[in-house]
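Peer 1: sequence? don't have it. structure:
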Ligand SMILES: [Mg+2]
């Protein structure tokens, strides 16, 4: 079978959509997490709403997690510490060494691990090259732009839907 190097295995709205059922159904015990636009907005010192609670839920399910970010240690360390996550900075995705190291350190087989991130050319490629399933999430920053908000507003007016509980 031809390798689809740009193709994610799963495509989800955000990390928050990764729940117990998804993990069980797909036999997942470990997550290699991107940081910028996956756990927080790019450069934001705080995680997005719900992320800390989601991490606690993952921990309670026994899921191993590690951040692999292409960003610098200066950027990654403070938020990783706040979230209680071990990390690799300067991860150089789509190269595989950062991801491979994370998997080794978590001690979970690649077959039970997912690489999770918002970028095809870094996160998804790194996972595919390392032979690990991937989850592509929509970057948080998209939801913060005025055009996105306007689009949601128009959608809710047109379809009479309340999107507040989706955000
Ligand atoms: Mg990212």
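Peer 2: Cool, the structure landed. Since the model is a prediction, treat every value here as computed from it, not as a measurement. Numbering: from 1, shown residues only.
Peer 1: Could you give the backbone dihedrals for the closest residue to residue 36 other than its chain neighbours?
Peer 2: Nearest residue to residue 36, sequence neighbours excluded (Cβ to Cβ, 6 or more residues apart in numbering): residue 42, at 4.5 Å. No exception for glycine: its C-beta is placed from N, CA and C like everyone else's. Dihedral angles of residue 42 (phi, psi; degrees, to the nearest 10) stand at phi -50, psi 120.
Peer 1: hang on, residue 42 packs against residue 48?
Peer 2: No. Applying Cβ atoms under 8 Å, one finds residue 42 not in contact with residue 48, separated by 11.2 Å.
Peer 1: The two: which has the busier surroundings?
Peer 2: With neighbours defined as other Cβ atoms under 10 Å, residue 42 and residue 48 compare such that residue 48 has more, 20 against 14.
Peer 1: Let me know the secondary structure of that one.
Peer 2: Here residue 48 is recorded as coil under DSSP: H, G, I helix; E, B strand; the rest coil.
Peer 1: how close does the nearest residue in space to residue 72 that is not next to it in sequence sit to residue 100?
Peer 2: Once flanking residues are discounted, residue 72 sits nearest to residue 89: 5.8 Å by Cβ to Cβ, 6+ apart. The spacing between residue 89 and residue 100, counted by Cβ to Cβ, to the nearest Å, is 16 Å.
Peer 1: okay but the residue nearest to residue 72 is in contact with residue 75, surely?
Peer 2: Yes. Counting by Cβ under 8 Å, residue 89 touches residue 75, with 7.5 Å between them.
Peer 1: Overlap in contacts, these two.
Peer 2: residue 69 (Cβ atoms under 8 Å, 6 or more residues apart in numbering).
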